[in-house]
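In: Build me a model:
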Amino acid sequence: MTGEWRGWRGAAQAALYGDDGFYRSPDRSPEGPAGHFRTSVHASPLFAAAVVRLLARTARELGTDTVALVDVGAGRGELLTGVLAALPEGLEVTAYAVEVAGRPEGLDPRIEWCAEPPRGVTGLLFANEWLDNVPVEVAEVDGDGVARYVQARTSDGTERLGPPVTGADAAWLERWWPLSAPGERAEIGRPRDAAWAGAVSSLAAGLAVAVDYAHVRGGRPPFGTLTGFRDGREVRPVPDGSCDLTAHVALDACAAAVPDATAELTDQRSALGRLGIGGQRPPLSLAATDPAGYVRALAAAGEAAELTARGGLGDFGWLLHRVGAPRHG
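Out: Predicted coordinates:
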């Protein structure tokens, strides 16, 4: 990386997905995303179990027992591995891992590794913490009240204000993230809207789900959310390939980018609750009749509580788009 000045979208694209980028270089990130931040997939196998239930429900809605599961932003295939291990009898699944990094050694051979979502499949497309890593431009209001692009020096992340925001980016800000006071910032989510619309359009029929750090119009953070992660810790965002670069997602804008599909926007606590993940402690009486079972149930309750916790993973946004099939229950 050189010390050139670039808009945050271009700088992050090179830093994350360039040939020597954070997500592509095995030297920079040998353990994959799991080595740098903890997602619901890594927190508990209960998350994969919930995806299995969602996949089975989708199959029932489609009236079939043969479906695809497309994991967008698959990391090292952890979610698909967990799902395949927990499939019920009678449900046949073709598993696709969509990821820019190379296929990990030893991955289940049933998992197809691809750079883009396969087109024309029927089933469940699941994108867990993918959209927050789709690079976007950052805007900031200057002292005269003009929204300008924020530029970053790629060597150290130092910022400066660039030209005014115009055109489609300005229209997106006006609709989804209005700025007014000097110093206010926003991440311009148009590339994420387009990425999500493209992912949903790959399904012939079924359900597409995006799970991510999220906010909606009327509750946008006044100074944006752009940050970095390295080795499990939040760090200053520097677009030099040394850290993850992430920003929360305007999921309501993503929802509107797919006008021809039935959309639902909820939070992880509610979504997992509908899939049987609630975090309730087992009755104490179980300890007397089945001590080992009680210990297992207590551990599972603790993991479920983490997945659904207010102020934590439970606050993640879930955007669900149903494509080509009616909703039943």
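In: Show me the shaky parts of the protein.
Out: Using pLDDT under 70 as the threshold, the predicted model of the chain has low-confidence ranges 1-3, 26-38, 43-44, 278-288, 290-291, 293-305, 307, 313-314, 325-329.
In: what about the strands in the stretch 101-250 of the chain?
Out: Across the stretch 101-250 of the chain, reading from the start of the chain, the strands by DSSP state E, counting those that start in this stretch fall at 111-114, 121-128, 137-141, 147-153, 159-164, 185-188, 203-212, 214-215, 227-230, 233-235, 244-246, 249-250.
In: quick one, what contacts Gly7?
Out: Glu137, Val138, Tyr149, Val150, Gln151, Ala152, Gly162 (CB atoms under 8 Å, 6 or more residues apart in numbering). For every residue, glycine as well, the C-beta is placed using N, CA and C.
In: So what pairs up with it in the strands?
Out: For Gly7, the beta-bridge partners under DSSP bridges are Gln151.
In: do Thr262 as well
Out: Applying DSSP bridges, one finds that Thr262 bridges with Arg322.
In: That one - how many residues pack around it?
Out: In terms of burial, Thr262 registers 13 neighbours under the definition other CB atoms under 10 Å.
In: Point out the most buried one among the strands of the stretch 101-250 of the chain.
Out: Burial of the strands of the stretch 101-250 of the chain is given as mean neighbour count (mean count of other CB atoms under 10 Å); strand 249-250 ranks first at a mean of 28.
In: which residue sits closest to Leu55, ignoring its sequence neighbours?
Out: Distances taken as CB to CB, 6 or more residues apart in numbering place Leu124 nearest to Leu55, at 4.9 Å, with adjacent residues excluded.
In: ok, that neighbour touching Val209?
Out: Yes. Here Leu124 reaches Val209: they are 7.1 Å apart, a contact under CB atoms under 8 Å.
In: May I have the residues that are in contact with the nearest residue to Ile111 once chain neighbours are set aside?
Out: Of all residues not flanking Ile111 in the chain, Ala95 sits nearest, at 4.7 Å (CB to CB, 6+ apart). Applying CB under 8 Å, 6+ apart, we find Ala95 in contact with Ala68, Leu69, Asp71, Leu80, Val83, Leu84, Asp108, Arg110, Ile111, Glu112.
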